[in-house]
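# I would like to see how this sequence folds:
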Amino acid sequence: MTSKFKLYAVTLAALAVCIGLVVDPHTTKILLPGLFTQEGAVGAGVVLVALGGILDVFGSDAFGVVTLTDAINQQPFSRGRAGEVAGWSLTRVATTTIAIENLNGVLSLVNPTARGGPGDDISKKKRTLRNLTVPHYQRDDGIMADEVQGIRAFGQESQVQTVMDVVNARLAEHARDFDVTLEHQRVGAIKGIILNGDGSTLYNLFTEFSVSQQSEVDFNLDGATANGAVRTTCSSVIRMIAKTLGGQPFTGVHALCSAEFWDALIANVEVRASYLSQQEASQLRDGVAYQALNFGGITFEEYRGGVGTEEATGFIDANKAHFFPVGVPDLFRTVYAPADYIETVNTLGLPRYAKQYPMPNDKGVILEMQMNALNYCTRPRVLIKGKTT
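Next up, the predicted model:
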């Protein structure tokens, strides 16, 4: 060690002692008092380096776009009932808009023709193309230096892992909000009208596909006699869906009901008379909130989902039910588009993204999470709205 460096080290040590710190002259590291070892290393592992700090770990690969995006996509996905029963086809695209081609054809009979002669001539089926923009959902958060300054660095890997635990907790919190947003959008796709969080319309699928919404069906569940009217109404809904599908097979019809519609259904005289003599009568006796009931060829289910305190804003309007076929390939679709980062340009979209970058005042890092997803029904006219009066 040169005399000049020794003088620098002694001077630095003197200044550090004045403020209650100790400086290792061999490494120029500032140490907490009482942590010197014989080799000048740190005994308990608390090191405060003159340049950098605990937030330097955010510059490592562990906190890059790829790693953070992997981390947020590893958070558990909380699929709602709309995401479970409708059968969504998932697609990843490299663009922020999707083009939907609609082949507006109907089933028709083929007329017999003479052998060796020309075949039955048909007109070309009309094709229409529609462009839909995938909506962008972003949530910004931050991790302040004060939140991680107490983390003890017993080695770099341990330090990174401990800070990552803080980041993962924050990612998990916001991932749940993205899942609720996705479920809300899927319920809208089942209704045919997708709303934003503020109640404005994101997409009216009936308008986008240039089809009219079928008339709302009144189930009149307050009827006092078991005359088969409810079962007849169920059959009419099934026929409406079948005719709209034009011969496309389906495995059943499902209905997501509001609490009011559900209560009226299980209290209906006809429904109760049909079940009281069967094994399923226990469902009516035991109380079946948020359960499912098969009646008239339709699976009715009270839908549980909403936002706000005690789910004050429900996703299904009061006294309403929404009917849709199940088992139809590609009827309901979910499209994921890429994030608006340089690193993700022209890449296939993922369900979620996350990125961090320093705050302008170096007091922490900004943690950004986003989802770019669109859910829609490819044949919205099959979506039937019901009510009870």
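# Count residues in the vicinity of residue 366, would you?
Residues lying near residue 366 (other CB atoms under 10 Å) number 14. Yep, even glycine has a C-beta here, placed from its N, CA and C like the rest.
# now this protein, which segments are flagged as low pLDDT?
1-68, 71-72, 75-79, 102-117, 120-127, 148-164, 224, 277-290, 308-312 (pLDDT under 70).
# Can you list the residue ranges for helices in it?
3-18, 65-73, 81-85, 145-148, 156-191, 205-208, 229-245, 259-267, 269-275, 281-286 (DSSP state H).
# Touching, residue 213 and residue 382? I think so.
No. Judged on CB atoms under 8 Å, residue 213 makes no contact with residue 382 at a distance of 10.7 Å.
# Which strand residues bridge residue 195?
residue 201 (DSSP bridges).
# these two touch, right, it and residue 202?
Yes. Residue 195 is in contact with residue 202 according to CB under 8 Å; the separation is 6.2 Å.
# intersection of neighbour lists for those two?
residue 188 (CB atoms under 8 Å, 6 or more residues apart in numbering).
# Pick out whichever of residue 213 and residue 382 has more residues nearby.
Neighbours per residue (other CB under 10 Å) separate residue 213 from residue 382, with residue 382 holding more: 25 against 17.
# Might you report the residue contacts of that one?
241, 244-245, 324-325, 328, 331.
# how close does the closest residue to it other than its chain neighbours get to residue 325?
Excluding the flanking residues, the one nearest residue 382 by CB to CB, 6 or more residues apart in numbering is residue 244, at 4.7 Å. Residue 244 sits 9 Å away from residue 325, going by CB to CB, to the nearest Å.
# Those two - which one has more neighbours?
More crowded of residue 244 and residue 325, by other CB under 10 Å: residue 325, with 24 against 17.
# Need phi/psi at the closest residue to that one other than its chain neighbours.
Spatially, and ignoring its direct neighbours in sequence, residue 325 is nearest to residue 250 (4.0 Å; CB to CB, 6+ apart). Residue 250 adopts backbone torsions of phi -150, psi 160, taken as degrees, to the nearest 10.
# wait, what's in contact with residue 250?
Counting by CB under 8 Å, 6+ apart, residue 250 touches 241-242, 325-328.
# and if you look at residue 137?
178, 181, 370-373.
# ok, back up a step: please identify the member of the contacts of residue 382 with the greatest number of neighbours.
residue 324 (27 neighbours).
# Which of the contacts of residue 382 sits closest to residue 70?
Nearest to residue 70 among the contacts of residue 382, counting by CB to CB, is residue 331 at 31.2 Å.
# Surely the closest one touches residue 325?
Yes. If you go by CB under 8 Å, residue 331 and residue 325 touch, sitting 6.9 Å apart.
# List the buried residues for stretch 361-372?
For stretch 361-372, a neighbour-count test (16 or more other CB atoms under 10 Å) marks 364-365, 367-372 as buried.
# should've said stretch 198-210
Buried, per 16+ other CB under 10 Å, within stretch 198-210: 203, 205-206, 208-209.
# In TSV: those residues, plus distance to residue 352.
Formatted as TSV, the buried residues of stretch 198-210 follow (distance: CB to CB, whole Å):
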residue	distance to residue 352
203	21
205	25
206	30
208	26
209	29
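# out of the residues you listed, who's nearest residue 218?
Distance to residue 218 across the buried residues of stretch 198-210 (CB to CB) is lowest for residue 206, with 19.9 Å.
# I figured the closest one hits residue 377, correct?
No. Residue 206 lies out of contact with residue 377 (CB under 8 Å); the separation is 9.8 Å.
# residues shared between the contacts of these two?
residue 192.
# List the contacts of the nearest residue to residue 345 once chain neighbours are set aside.
Nearest non-adjacent residue to residue 345, counting by CB to CB, 6+ apart: residue 338, 7.1 Å away. By CB under 8 Å, 6+ apart, the contact list for residue 338 reads 93-94, 96, 344-350, 372.
# Tell me which of those residues fall in strands.
Among those, the ones falling in strands (DSSP state E) are residue 372.
# Looking at the contacts of residue 338, which one is closest to residue 186?
residue 372 (15.2 Å).
# Am I right that the closest one is in contact with residue 348?
No. The criterion here is CB under 8 Å, and residue 372 misses it with residue 348 at 11.4 Å.
# what do these two both touch?
Contact criterion CB under 8 Å, 6+ apart; residues shared by residue 372 and residue 348: 336, 338.
# how long is stretch 198-212 from one end to the other?
Using CA to CA, to the nearest Å, the end-to-end distance of stretch 198-212 comes out at 25 Å.
# what's next to that stretch, contact-wise?
Outside stretch 198-212, the residues that touch it by CB under 8 Å, 6+ apart are 102, 128, 130, 132, 135, 185, 188-189, 192-196, 213, 376-377, 379-381, 383.
# PyMOL command to pick out the buried ones of those?
In PyMOL syntax, the buried subset of the contacts of stretch 198-212 is picked out as below (16+ other CB under 10 Å):
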select buried, resi 102+132+135+185+188+189+192+193+194+195+213+376+377+379+380+381+383
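# Go through the contacts of stretch 198-212 and flag which are in strands.
Reading strands off these with DSSP E, I get 102, 128, 130, 132, 193-195, 376-377.
# Just flag the most distant two among those residues.
Spatial extent of the ones in strands among the contacts of stretch 198-212 (CB to CB) is set by the pair 128 and 195 at 24.7 Å.
# Tell me how far the residue nearest to residue 345 lies from residue 323.
35 Å.
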